[in-house]
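J.: Show me how the following folds:
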Amino acid sequence: MPDRMDITLGFMPLFDSAVVVTAAEKGFASDEGIDLKLVRETSWANIRDRIAVGHFQAAHMLAPMPIASNLGLSPLSTPLITPMALNLGGNAITVSTALYDAMLGEGLVADLEPRGAGAALKAVVEARKRLGLPMLRFAVVHFHSGHNYELRYWLSACGISPDHDVEIAAVPPPLMPDALMMDRIDGYCVGEPWNTVSVDRNIGRIVTVKSKIWRNSPEKVLGVSKRWGEANRPALDALLRACYRAAQWCGNPENIEELAGIMAARQYLGVEGRLLLPELTGRILVSPDVTVEVEDFLVLDRKAANFPWQSHALWFYSQMVRWGHCSHSPNNVLIARDSYRPDIYRQALKPIFAAMPGANLKVEGALAAPQYIGATVGRLMLGPDGFFDGRIFDPDRIDDYIASQAIA
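T.: You can find the predicted model right below:
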């Protein structure tokens with residue numbers, strides 16, 4: 001292994017890139033012998049394609065993206081692995097002020113609760129049908145994204161068909177506020193700060209958040225080319241240790257102001273630091289004069305936030321099957337499961353005595369309250385992890401779960 005290892009890593013201008021950004025900015029990568037070059041990208045499609053053609057060795061990546069690539073669902077599908085997760089939560093659903101006012105007229109309460117927001121939206125959708133108005137258009141960042149699947153899950157559970165009652169389009173995250181302002185879309189699901197930006201500009205309102213649709217649920221991951229990871233295992237292990245230490249630094253409340261300053265810089269997010277404080281504090285700005293406290297809105301290091309749970313991968317796969325993105329087969333289940341590599345995570349972090357779960361999978365949605373579990377070192381707290389509709393995902397019964405999913 002050379003004295004210094006060069007790694008080029010692509011990222012999108014979203015706050016949940018904080019772990020990889022601080023790995024470079026705070027010297028954690030350098031301490032591990034890595035010269036980490038960060039490249040800001042303009043779309044998730046570019047991230048996907050540039051890692052496929054070898055421009056990037058690693059990337060800040062949508063959690064379902066490696067699964068989609070391994071299942072051959074991408075134009076330049078290449079084998080990818082996920083040896084580490086980067087965060088839990090962090091997304092929200094924002095609508096235009098006009099749609100928000102219409103939802104208020106149908107009983108919406110500004111508490112960010114998914115069920116109430118969904119009921120109000122359903123009433124608006126039905127009223128528009130009666131009046132012969134066009135379908136509402138929502139944007140997601142990419143079709144193989146947690147945003148698409150959580151938006152669809154929420155809509156469907158509230159009786160709104162994602163494919164027949166509304167339209168869903170793909171728009172890069174930083175362009176969403178502009179698309180909303182220009183009336184190209186009526187709402188969107190995206191990570192911060194692009195929800196708070198629309199509220200601050202008085203063009204949008206937040207109606208619900210990821211951390212209430214599925215509590216402490218997966219969002220972004222570290223994705224790497226399988227070929228590169230296998231050929232450069234010492235470099236990959238070093239990168240994981242650097243990112244783990246960076247996550248611990250990011251999760252320390254004493255570092256909030258410095259972290260906001262780092263991420264606000266032009267080369268990362270290019271926004272005012274004050275716009276990053278809502279997600280760092282959990283005090284979410286629903287509208288200019290309404291703030292709602294949200295527990296665990298964004299988790300960067302606690303609750304095994306960095307562990308690549310294979311049950312997370314299988315839930316995303318179940319949604320790909322549900323919405324016709326891929327077929328269901330025993331082989332596809334294995335491909336999806338093995339896209340996430342907890343074995344690599346464990347081996348890389350073993351030398352620094354990181355606390356890690358003993359299992360690779362868990363039942364999702366079963367914890368109504370935080371709970372300690374046994375770990376390789378000490379104990380880990382997990383949960384709560386409930387879905388807002390009360391459903392449970394048991395990865396050992398994935399066939400039953402897929403069979404039970406209704407297409408609204």
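
J.: Tell me which stretches of the stretch 251-400 of the chain form strands.
T.: 283-287, 290-293, 298-299, 371-374, 379-382 (DSSP state E, counting those that start in this stretch).

J.: Now do the third one: which elements does it pack against?
T.: When contacts are defined as 3 or more CB pairs under 8 Å, 6 or more residues apart in numbering; DSSP states H and E, strand 298-299 packs onto strand 88-89. Quick note: C-beta positions are derived from backbone N, CA and C, even for glycine.

J.: And the strand it packs on, what does it pack against?
T.: Using 3+ CB pairs under 8 Å, 6+ apart: strand 88-89 touches helix 210-213, strand 298-299.

J.: Just name the most buried of those.
T.: helix 210-213 (a mean of 26; mean count of other CB atoms under 10 Å).

J.: re the thing from before, winner for burial among the strands of the stretch 251-400 of the chain?
T.: Of the strands of the stretch 251-400 of the chain, the one with the most neighbours on average (mean count of other CB under 10 Å) is strand 298-299, at a mean of 24.

J.: re the thing from before, which one of the helices and strands packed on strand 88-89 lies closest to residue 59?
T.: Closest to residue 59 of the helices and strands packed on strand 88-89 is strand 298-299 (CB to CB; 19.7 Å).

J.: In this structure residue 97 contacts residue 206, no?
T.: No: the pair residue 97 and residue 206 does not pass the contact test of CB atoms under 8 Å, sitting 11.6 Å apart.

J.: Settle it for me: which of these two has more neighbours?
T.: Comparing residue 97 with residue 206 by other CB atoms under 10 Å, the one with more neighbours is residue 206, at 25 against 15.

J.: tell me the SS of that one?
T.: Look at residue 206: counting by DSSP: H, G, I helix; E, B strand; the rest coil, its state is strand.

J.: Let me have the helices and strands packed on strand 88-89 in a markdown table, extended by distance to residue 405 and mean pLDDT.
T.: Below are these laid out as a markdown table (distance: least, CB to CB, whole Å; pLDDT from 0 to 100):
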| stretch | distance to residue 405 | mean pLDDT |
| --- | --- | --- |
| helix 210-213 | 16 | 98 |
| strand 298-299 | 27 | 98 |
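
J.: Kindly present these as a markdown table, with separate columns for distance to residue 103.
T.: Formatted as a markdown table, those follow (distance: least, CB to CB, whole Å):
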| stretch | distance to residue 103 |
| --- | --- |
| helix 210-213 | 16 |
| strand 298-299 | 25 |
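
J.: which secondary structure elements does the helix or strand bottoming out on mean pLDDT in the chain contact?
T.: In the chain, the helix or strand scored least confidently by mean pLDDT, DSSP states H and E is strand 371-374, which has a mean of 89. Judged by 3+ CB pairs under 8 Å, 6+ apart, the packing partners of strand 371-374 are strand 379-382.

J.: Which neighbouring elements make contact with the strand it packs on?
T.: So strand 379-382, by 3+ CB pairs under 8 Å, 6+ apart, packs with strand 371-374.

J.: Listing partners with orientation, what would you give for the strand it packs on?
T.: strand 379-382 (antiparallel) (DSSP bridges).

J.: what does the partner strand contact?
T.: Applying CB atoms under 8 Å, 6 or more residues apart in numbering, the contact partners of strand 379-382 are 216, 302-304, 355-357, 362, 367, 370-374.

J.: before we move on, the earlier item: to residue 241, which of the helices and strands packed on strand 88-89 lies closest?
T.: Among the helices and strands packed on strand 88-89, the nearest to residue 241 by CB to CB is strand 298-299 (19.9 Å).

J.: Now do that closest one: distance to the chain's middle.
T.: Offset of strand 298-299 from its chain centre (CA atoms, centre = their mean, to the nearest Å): 10 Å.

J.: Contacts for the host helix or strand of residue 195, please.
T.: Residue 195 belongs to helix 194-200 when assigned by DSSP states H and E. With CB under 8 Å, 6+ apart as the test, helix 194-200 has contacts from 14, 92-94, 173-174, 176-177, 180-181, 188, 204-206, 271, 275-276, 278-279, 284-288.

J.: Helices - which of the residues you listed land there?
T.: If you go by DSSP state H, these have 176, 177, 180, 181, 278, 279 in helices.

J.: Now that the fifth one has come up, it's in contact with residue 192, right?
T.: If I follow you right, that is residue 278. Yes: with contact defined as CB under 8 Å, residue 278 counts as touching residue 192 (7.2 Å).
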